[in-house]
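**Student:** Okay, predicted coordinates and the sequence, questions at the end:
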Amino acid sequence: MIGGRHGDEPSAPTSQGPAAAPVDDAAPAPVPAPAPYGTPGQPFDRRSPFFMGFTGGAGALLAFVLFGALMSISSVLLLVVVSFFLAAGLNPSVEFLERRGLTRSWACSAVTVAALSLVALFMVAIVPVITDQVTALTQNVPGWLEQLNENERIQALNDEYDIIDKAESFVTDGDFISGLFGGALGFGLRIVSALFNAFVIIVLTLYFLASLRTTTGAIYLLAPASRRDRVAKLGDKVIHNIGGYVSGAFVVAMAAGFSSLVFLWFTDVREYAVALAFVVAVLDVIPMIGATLGAVIVTAIAFATDVHSGIACIVFYVVYQQLENYVIYPRVMSKSVDLPGAVIVIAALVGAALLGVIGALLAIPAAAAVVLVLREVVVRRQDLR
């Protein structure tokens, strides 16, 4: 029959029929629209010579700039270091008062007032004496130069080079002290700079002393929690060593000054004994070389006054420096910073060679900190292996 149903033949698929054609899963993804500023390229190869060279050069340039900035503020950093050392040196006294029941603020105030009062009383007592003795010393220099001029060899040198006459005119014109500092203007500027630095040191010392625990506690928080307690104990021990070093240096300087005062009192330079002993005590704060500088100054003045006094000064200071360098200084510092005597001497020499006077002052507490870390960290790790 025409137009009849053909059951054996499949019907043609339609879009609405149940037997729609299956979707191909491997069809390509849609193409993204072009970027307005071009298609991004491949990532830069971090191992390429250009990338490594550029990164290294930029790092070196940054390090150079940071080093220059650090050097430009070296004077400020020096004031900060000195202030921290003074605060650490006064901290044992503050802790002593705290153990007696005072609060931290009252203990800091009491120690600060006591320290400033002692400095003021010392200056009031010593400045007039030094001024009178320096004046007398200046008045006697021409007579010493005349005595030197009586020597035939020195007189021949003076006739040829006019040494003694120039030295006499340099001393007697009254401006030789300011001339040592670059003239009157340079001397005045140095006085103003010294006063400003002293004010900054006093202020920073007060801040460090009042907030020493807060400052160190904030630094200790940078350590991992599992090691924070050990880091705090090591840090407190380092600060304790700094305080002990400052106290020990003060004791050694007082010993040098007092012994010089007693010795000079029995020589012909007893007129300048107080001033010269003060110079020796101040210079003796500098490890290893300070005592030598003071001895040279005292011996030179003693020789200018009397030959026998000069010889006695040489003998006394040679013997005393051996006693100080190998007996007094190592024993005091070994009790203060817990270092062997040989390490103290070597640390002071290395610090002086690297940074001069400041390096010599910082070398011993720095060596104590290094020895403490090596003993408590490195050696203990080696023992566990």
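**Tutor:** Nice, I can see it. Bear in mind that the values here come from a model prediction, so they are computed numbers and not experimental data. Numbering: from 1, shown residues only.

**Student:** residue contacts, the nearest residue to Val298 once chain neighbours are set aside?
**Tutor:** With sequence-adjacent residues excluded and distances taken as C-beta to C-beta, 6 or more residues apart in numbering, Val298 is closest to Leu276, at 5.0 Å. To be clear about C-beta, it is placed using only N, CA and C from the backbone, and glycine gets the same treatment. Contact partners of Leu276, counting by C-beta atoms under 8 Å, 6 or more residues apart in numbering, are Ser260, Leu264, Val269, Ile297, Val298, Ile301.

**Student:** closest to Val81 among those residues?
**Tutor:** Ile297 (27.3 Å; C-beta to C-beta).

**Student:** Next up, identify which helix or strand the residue positioned nearest the centre of the chain is on.
**Tutor:** Nearest to the geometric centre of the chain sits Val81, at 4.7 Å (C-alpha atoms, centre = their mean). Secondary structure from DSSP states H and E places Val81 in helix 74-99.

**Student:** Please identify the buried residues of that helix?
**Tutor:** 79, 82-91, 93-95, 97 (16 or more other C-beta atoms under 10 Å).

**Student:** Give the rounded mean pLDDT of that helix.
**Tutor:** For helix 74-99, mean pLDDT rounds to 83.

**Student:** For the helix or strand hosting Val319, list the C-alpha coordinates in PDB.
**Tutor:** Per DSSP H and E: Val319 is located in helix 307-323. Extracted C-alpha coordinates of helix 307-323, given in PDB (Å, rounded to 0.1, in the frame of the first residue of the first chain):
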ATOM      1  CA  VAL A 307     115.100  63.500  85.000                       C
ATOM      2  CA  HIS A 308     114.900  61.300  88.100                       C
ATOM      3  CA  SER A 309     111.100  61.600  88.200                       C
ATOM      4  CA  GLY A 310     111.000  60.600  84.600                       C
ATOM      5  CA  ILE A 311     113.000  57.500  85.100                       C
ATOM      6  CA  ALA A 312     110.900  56.600  88.200                       C
ATOM      7  CA  CYS A 313     107.700  57.000  86.000                       C
ATOM      8  CA  ILE A 314     109.100  54.700  83.400                       C
ATOM      9  CA  VAL A 315     109.900  52.000  86.000                       C
ATOM     10  CA  PHE A 316     106.500  52.400  87.800                       C
ATOM     11  CA  TYR A 317     104.300  52.300  84.600                       C
ATOM     12  CA  VAL A 318     106.200  49.400  83.100                       C
ATOM     13  CA  VAL A 319     105.700  47.400  86.300                       C
ATOM     14  CA  TYR A 320     102.100  48.600  86.700                       C
ATOM     15  CA  GLN A 321     101.100  47.900  83.100                       C
ATOM     16  CA  GLN A 322     102.400  44.300  83.400                       C
ATOM     17  CA  LEU A 323     100.400  43.900  86.600                       C
END
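
**Student:** List the buried residues of it.
**Tutor:** Quick answer for helix 307-323 (16+ other C-beta under 10 Å): Ser309, Gly310, Ala312, Cys313, Phe316, Tyr317, Tyr320, Gln321.

**Student:** and if you look at stretch 299-308?
**Tutor:** For stretch 299-308, using 16+ other C-beta under 10 Å, the buried residues are Thr299, Ile301, Ala302, Phe303, Ala304, Thr305.

**Student:** Check pLDDT for these and point me to the minimum.
**Tutor:** Ranking the buried residues of stretch 299-308 by pLDDT, Ala304 lands last with 70.

**Student:** coming back round to it: from the middle of its chain, how far away would the helix holding Val319 be?
**Tutor:** With C-alpha atoms, centre = their mean, to the nearest Å as the basis, helix 307-323 stands 33 Å off its chain's centre.

**Student:** what's the distance between Val76 and Ala194?
**Tutor:** According to C-beta to C-beta, to the nearest Å, Val76 stands 15 Å off from Ala194.

**Student:** what do you get for Ile202?
**Tutor:** 13 Å.

**Student:** ok, the two, which is more surrounded?
**Tutor:** Ile202 (16 against 10; other C-beta atoms under 10 Å).

**Student:** which element is the more buried one on?
**Tutor:** In the assignment (DSSP H and E), Ile202 maps to helix 183-210.

**Student:** Perfect, that will be all.
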